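Trainee: Would you be able to build a 3D model of this:
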Amino acid sequence: MRIPQPRAGLALGPLAAPFLDPATDTGRSNSDGVTKADPIRITGTCQAGDLVKVYDLDTYLGASGSCNGGTFAINVAGAPEGLRVIGVTATRNGLETARSPGAFVLIDRTAPAAPTLLLPPLPDSSRITVSGTAEADADVTVLAGTQAFCGARAAANGQWSCTGDLNGQNTLTATATDVAGNTSVPSAPAQIDLSPLAKPSLDPATDIGRSNSDGITNANPIRITGTCRVGDVVKAYDADAFLNASTACSGGSFSFELAGLGEGQYTIGVSATRAGLETARSVGVPVLIDRTPPAAPTLLLPRAFDGPAFAVSGTAEADADVVGLAGAQPFCSARAAANGQWNCSGELAGQAELSASATDAAGNASESSAPVQVVWDRVFGNGFDG
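Mentor: From the prediction side, this is the model:
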């Protein structure tokens, strides 16, 4: 068999080292030789008439192309992941040159794992620092909702952190993008806890009146208390109306005074501001403020009585507590019914003047009724006349 020999003057020296086309050098840089592209494009210089073949070391990659105007550009599809040393040969007059020096190309089409994302334990403003772990040297992007929040490059040990402003968002996610441009799936969402606070209470010390737990009071100011999370700023509302009162959470609880509230029914709820974000309002505690004393009750004596022990009756504000007085001493007491009627029995104990006063559930006391003089037939009252 006759082996082809190079013609006199035909150069068969290797081509110059090829390049990875920047258009297929994806990821962080278009000149670092790290890519996820498929196909990749290999370019270089050649001689007119050359048939250029592409190799990974000694392995032909099944891709070739003709020299055109002193250059070539060959798409190589299906090149496996990993570090490739891409060289080329030229075939001229049936003879193939030695392979050129190789270009290092790292092919990486595997997305990194989702990064971890940690919030600070007690954020007290909308500008917070988040942290976590990711693939070493990956670029981490954090989103607040759908808006960019912050970004960082993971260190060699995978640790990363960055700072941003929540801008009204409370849900953060993070992705990691490696050098080749592969992006992970998002991390598990991390959320600023914006669950409402528990229902507050009216402090018993300012729940004045018949009961210190019925929410009916004549106090001014009233004190609202409850539980919260350290770092919270707690605000007070009557339904949707802000009551111009706020305080910082201290040791897991709050207490603030509401001064100058007018009379009437209130439903006092609270919100907490965390990391610049305000929670929904809590369930409200009902508070009835009543500072108006009831009218003086009426006092009626029985038509006939013959001794110091007898019953009296009258009308008063519904549900008011009525006290009958014999002189300055309590004579008897009763609670007015829904229709205002009341009655009670007592003994005069030597007194001859009766009056009554009424106190409502909020603790407001009326003026005393007009005094009534008591005269009774003392015959047989103590077993003898006079």
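
Trainee: Residue 19 and residue 88, how far apart?
Mentor: 10 Å (Cβ to Cβ, to the nearest Å). The way it works is simple: take the backbone N, C-alpha and C, and place the C-beta from them, glycine included.

Trainee: Stretch 144-161 - what's its average pLDDT?
Mentor: Stretch 144-161 comes out with an average pLDDT of 97.

Trainee: tell me the contacts of residue 227?
Mentor: Going by Cβ atoms under 8 Å, 6 or more residues apart in numbering, residue 227 touches 197, 198, 252, 253, 254.

Trainee: As a markdown table, the residues you listed with pLDDT would be great.
Mentor: Below are those laid out as a markdown table (pLDDT from 0 to 100):
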| residue | pLDDT |
| --- | --- |
| 197 | 97 |
| 198 | 98 |
| 252 | 95 |
| 253 | 97 |
| 254 | 98 |
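
Trainee: Quick one: buried ones out of those?
Mentor: Buried members of the contacts of residue 227, counted by 16 or more other Cβ atoms under 10 Å: 197, 254.

Trainee: from the contacts of residue 227, which single one is nearest residue 245?
Mentor: For the contacts of residue 227, the closest approach to residue 245 (Cβ to Cβ) belongs to residue 254, at 10.4 Å.

Trainee: what residues are up against the nearest residue to the closest one once chain neighbours are set aside?
Mentor: If the residues on either side of it in the chain are set aside, residue 254 comes closest to residue 234, at 4.5 Å by Cβ to Cβ, 6 or more residues apart in numbering. Listed by Cβ under 8 Å, 6+ apart, the contact partners of residue 234 are 197, 226, 228, 246-249, 254, 256, 270-273.

Trainee: Wait, a strand at residue 234?
Mentor: Yes: the assignment for residue 234 by DSSP: H, G, I helix; E, B strand; the rest coil puts it in a strand.

Trainee: sorry, back to before: narrow the contacts of residue 234 to those in strands?
Mentor: Among the contacts of residue 234, DSSP state E puts 226, 246, 247, 248, 254, 256, 270, 271, 272, 273 in strands.

Trainee: number of nearby residues for the second one?
Mentor: Around residue 246 sit 15 other residues, with neighbours defined as other Cβ atoms under 10 Å.

Trainee: Correct me if wrong: it contacts residue 255.
Mentor: No: with contact defined as Cβ atoms under 8 Å, residue 246 does not count as touching residue 255 (12.0 Å).

Trainee: any idea which element the residue nearest the centre of the chain lies in?
Mentor: Taking Cα atoms, centre = their mean as the criterion, residue 194 is the residue nearest the geometric centre of the chain, at 2.7 Å. According to DSSP states H and E, residue 194 maps onto no helix or strand at all.

Trainee: Leaving out the residues flanking it, which one is nearest to it?
Mentor: Once flanking residues are discounted, residue 194 sits nearest to residue 279: 4.7 Å by Cβ to Cβ, 6+ apart.

Trainee: Which residue ranges of the stretch 201-350 of the chain form strands?
Mentor: Counting by DSSP state E, counting those that start in this stretch, the stretch 201-350 of the chain has strands at residues 201-202, 216-217, 222-227, 233-238, 241-248, 253-258, 264-274, 277-278, 285-289, 309-315, 321-326, 329-335, 341-347.

Trainee: Can you lay out these as CSV showing distance to residue 361?
Mentor: Compiled in CSV, the strands of the stretch 201-350 of the chain are given as follows (distance: least, Cβ to Cβ, whole Å):
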stretch, distance to residue 361
strand 201-202, 14
strand 216-217, 5
strand 222-227, 15
strand 233-238, 20
strand 241-248, 23
strand 253-258, 20
strand 264-274, 13
strand 277-278, 35
strand 285-289, 8
strand 309-315, 17
strand 321-326, 8
strand 329-335, 10
strand 341-347, 15
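
Trainee: For residue 72, find the nearest of those.
Mentor: Closest among the strands of the stretch 201-350 of the chain, using Cβ to Cβ: strand 277-278, at 58.6 Å.

Trainee: Residues in contact with that closest one: which ones?
Mentor: Contacts for strand 277-278 (Cβ under 8 Å, 6+ apart): 126, 166, 168, 170, 192, 194, 235, 271, 272.

Trainee: What's the separation between residue 354 and residue 244?
Mentor: Separation of residue 354 from residue 244 (Cβ to Cβ): 48 Å.

Trainee: now residue 82
Mentor: Residue 82 sits at a distance of 67 Å from residue 244 (criterion: Cβ to Cβ).

Trainee: Check residue 80 too.
Mentor: The spacing between residue 80 and residue 244, counted by Cβ to Cβ, is 69 Å.

Trainee: between residue 19 and residue 88, who's got more neighbours?
Mentor: A count of neighbours by other Cβ under 10 Å puts residue 88 above the other of residue 19 and residue 88, at 30 against 18.

Trainee: Which strand or helix spans the more buried one?
Mentor: Residue 88 belongs to strand 82-92, assigned by DSSP H and E.

Trainee: Now that strand: buried residues?
Mentor: Residues 84, 86, 87, 88, 89, 90, 92 are the ones in strand 82-92 that count as buried (16+ other Cβ under 10 Å).

Trainee: what's the answer for stretch 54-67, then?
Mentor: Going by neighbour count (16+ other Cβ under 10 Å), the buried part of stretch 54-67 is 54, 55, 56, 61, 63, 64, 65, 67.

Trainee: Below-threshold pLDDT in the stretch 1-150 of the chain: ranges please.
Mentor: By pLDDT under 70, the low-scoring segments of the stretch 1-150 of the chain are 1-11.

Trainee: related to what we said a few turns ago, residue 310: which of the contacts of residue 227 is nearest?
Mentor: Comparing the contacts of residue 227 against residue 310 with Cβ to Cβ places residue 198 closest, at 52.8 Å.
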